[in-house]
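Colleague: Below are the sequence and a predicted model; questions follow.
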Amino acid sequence: MEKELEQLRRQPLLPPRRAGALPGGYMGRILRVDLTAGTTKDENLPGPEVLRKWPGGQGLAQAILIRELPAGVTPFSPENRIVFMTGPLTGTGKTPGGAAYTVVTLSNITGFGRGERGTAVSSSGMGHWGSYLKFAGYDGIIVSGASTQPVYLWINNGRAEIREASKIWGRDTHETIEWIKRDLNQPEASVACIGPAGESLVRAAMILNDHNHSASHGGGAIMGSKKLKAIAVHGTKRVPVKDAARLEEAGNSWRSKIRVYEYPKSRCNVGFGAELKTVVNRNFSSTLLDGSEDFDKQQFTPRPCYECNRQCPYDVRLVTGKHAGVTVSLNAGSEHFEGAAFTFGIKGPEVLYLAGVLNRLGIEASHFGCAAGAVFEAYERGLVGREQTGGLELKWGDAAVVETVMNMTARREGWLGNAIADGVMATARAIGGDAARFVPNVKAGAPAMHDWRPYTGIMLGQIVSSGGVKPQFAAYEYRDGAPDLGYPDKTDRDSAAGKAREVLVNGSNRYFCGSAGLCWFAQPINKQGILQDQLNALTAVTGWQDFGIEEALAVGQRVWQLEHILHLRYGWTPEDDLAATGTRLLEPIPDGIFKGFTMAKYLPGLVHDFYRECGWDASSGLPRPETLRRLGMEEFSFAAAQH
Ligand code: SF4
């Protein structure tokens, strides 16, 4: 594959001179930053034909990454790239959810226990940062190299500058954001940064922006390895739009379908687990819905993303409990409740407080909850003692101990901090014995932090996913269907029938969202006509005519295929999809309304079904030539199965 990739590199994706006029929605430039040389330069965005195939987000970023990563590069080596990419709808301001930026890099988490090898990882952040990057004049940033001293990047109205950041090395994410705004004398700047966890190369360190938002799955550690503390963006440019009236109309129709969070009512419960009827409780040893006592006594304030009416992110000022008077910043979902607190048996306002601590330290909650939850269980089983924990007694329900463990992890203190910081499988190895049986993981990464075990399709999505690991490829089995995508009703969660197709269709839709610069949370897919609203908005912005649902799903599928090719290059095999899911996730569910259920009965058949749906060869995992042809990906035909 390396020889063919070398040839591919000879046809640069970012052309010195762009042929053809840009569609609307793009600023036309990518910023290239070499931190070893301390230089920045502008490059051209690809031409219109490439953009229609790879509109932005994960797809365009991966198309850059696969061309630029040299053979044998490891995640923390300076040659690894970290690519930040928006999409054409990011920052137009007339639709909900047009706030996304995506981060793609070589993952430092999913080495499958084979040293420093990794897979590509992609994660998305919302808030204001992606929109402001475009207002500063850029669609994306490619960062390579590594600085010897801490630095931050300042991008303002078409100019980029690498600035000294030694004074804030060691500071948490919120302190960093505020310090940089003061340093720049620009209170309106938007800052994406790392906390102590990213600096310490904690495997699942996040990139946090605008206080409430994060791009997760380990990109923060890659920034830390490059000594890049933050990227601040600001500008007064605006995103060009081909048909403003049509965009307004599409946006209004779309807004009318959005379910808006009501404050405080929507925030006074365990979160999404209430809908799923499960939460992660004591390292997946219980699913019972417990923990949100007194949430209704706290003060919630929405902190909306750029021009989005859904109001997912929020700050909460704690009014009762030990931390009364503290304000924490939280994002849309409730995974952080489960990873930061419920999994340790913690309840009440301390749940909110601990979620806020992880946000400031910059650690992904699912990773922390799975690795640290396993150590708590090991302590209970007598496999870990005080000599390893630095004298801490790891008892379920002790919030002060959990906070101490969070801080030890972020700064890699002692056996305990290092074990958790090195990832869930490293934690299992550090514990020893049969710990691998109760450390929840998929391909050495943490699973998503709701308890999805009763949901066959979503579990399949996690089992075949990568980079982190998140259910990018969820299915329609816990709420309503997705009428625009051919699923008029909710599907059966306890059935293998049609699940592989469902996961592929939903995953492709989500990758399309990311490629267009959209937030999935702003896509109420159970509402008929929502996808058409989005496509109308895309046409209004870009000028692309006849861009239908089929083309949107093809965009998403291309992302999927390219990510898969990248993984194959780094040693991925079908065996990793078949046998790299931790036992804890496939054990019968211990209690609650799903007691006794396991989707393991559908394996390995479902994984084989999925390979068939994706057009991959079952034994080698390689895409079939006709799959790549159908998607117009002939330039990658060298990666196809040879029969
Ligand atoms: S749907 Fe929620 S998370 Fe997504 S952009 Fe809107 S407010 Fe932000």
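Modeller: Alright, I've got the coordinates.
Colleague: Can you report how many residues neighbour the residue of the stretch 101-250 of the chain found nearest the ligand?
Modeller: Of all residues in the stretch 101-250 of the chain, M126 sits closest to the ligand, at 4.1 Å by CB to the nearest ligand atom. All C-beta atoms are positioned from the backbone trio N, CA, C, and that covers glycine. Neighbour count of M126, defined by other CB atoms under 10 Å: 33.
Colleague: by contact count, what packs against the helix ranked longest in the chain?
Modeller: If each helix of the chain is counted by residues according to DSSP state H, the longest one is helix 549-569. In terms of contacts (3 or more CB pairs under 8 Å, 6 or more residues apart in numbering; DSSP states H and E), helix 549-569 is packed against helix 57-68, strand 120-125, helix 499-516, helix 530-542, helix 605-614.
Colleague: Throw those into TSV and include mean pLDDT and mean neighbour count, thanks.
Modeller: Converted to TSV, those look like this (pLDDT from 0 to 100; neighbours: other CB atoms under 10 Å):
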stretch	mean pLDDT	mean neighbour count
helix 57-68	94	26
strand 120-125	86	28
helix 499-516	94	26
helix 530-542	97	24
helix 605-614	95	18
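Colleague: Next, format the ones you listed as TSV and append distance to M449.
Modeller: TSV is the format used below for the helices and strands packed on helix 549-569 (distance: least, CB to CB, whole Å):
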stretch	distance to M449
helix 57-68	21
strand 120-125	14
helix 499-516	18
helix 530-542	26
helix 605-614	22
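Colleague: To E338, which of these lies closest?
Modeller: strand 120-125 (18.1 Å; CB to CB).
Colleague: now that closest one: how far from the chain's centre is it?
Modeller: 4 Å (CA atoms, centre = their mean, to the nearest Å).
Colleague: what do you get for stretch 375-389?
Modeller: Distance, centroid of stretch 375-389 to centroid of chain: 31 Å (CA atoms, centre = their mean).
Colleague: Stretch 57-75 too?
Modeller: How far stretch 57-75 lies from its chain's middle: 17 Å, per CA atoms, centre = their mean.
Colleague: when you scan it, is anything in it near the ligand?
Modeller: No. With CB under 6 Å from any ligand atom as the criterion, the ligand is not reached by stretch 57-75; the gap is at least 13.8 Å.
Colleague: do stretch 184-200 as well
Modeller: No. On the criterion CB under 6 Å from any ligand atom, stretch 184-200 is out of touch with the ligand, staying 13.6 Å away.
Colleague: and if you look at stretch 327-344?
Modeller: Yes. Using CB under 6 Å from any ligand atom, stretch 327-344 comes into contact with the ligand via A332.
Colleague: buried ones in stretch 265-277?
Modeller: 266-267, 269-273, 276 (16 or more other CB atoms under 10 Å).
Colleague: would you turn these into TSV with secondary structure, distance to the ligand and pLDDT?
Modeller: Putting the buried residues of stretch 265-277 into TSV (DSSP: H, G, I helix; E, B strand; the rest coil; distance: CB to the nearest ligand atom, whole Å; pLDDT from 0 to 100) gives the following:
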residue	secondary structure	distance to the ligand	pLDDT
S266	helix	12	88
R267	helix	13	89
N269	coil	18	87
V270	coil	19	88
G271	coil	14	87
F272	coil	13	85
G273	helix	18	87
L276	helix	19	88
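Colleague: Of all pairs in those residues, which one is the farthest apart?
Modeller: R267 and L276 (17.2 Å).
Colleague: tell me which strands and helices the helix or strand in which A250 is found is in contact with?
Modeller: Assigned by DSSP states H and E, A250 belongs to helix 244-255. Identification of packing neighbours for helix 244-255 by 3+ CB pairs under 8 Å, 6+ apart yields helix 530-542.
Colleague: Return the distance of the helix it packs on from the chain's centre.
Modeller: Relative to the centre of its chain, helix 530-542 is centred 24 Å away, using CA atoms, centre = their mean.
Colleague: which residues touch that helix?
Modeller: Applying CB atoms under 8 Å, 6 or more residues apart in numbering, the external contacts of helix 530-542 come out as 23-25, 55, 88-89, 92, 94-95, 98, 239, 241-244, 246-247, 249-251, 253-254, 257, 484-485, 509, 513, 516, 518, 523-525, 544-545, 547-549, 552.
Colleague: Is it possible to mark the buried ones in those?
Modeller: 23-25, 55, 88-89, 92, 94-95, 98, 239, 241, 243, 246-247, 249-251, 253-254, 257, 484-485, 509, 513, 516, 518, 523-525, 544, 547, 549, 552.
Colleague: Could you tell me which residues within stretch 617-631 count as buried?
Modeller: 617, 621-623, 625, 627-628, 631.
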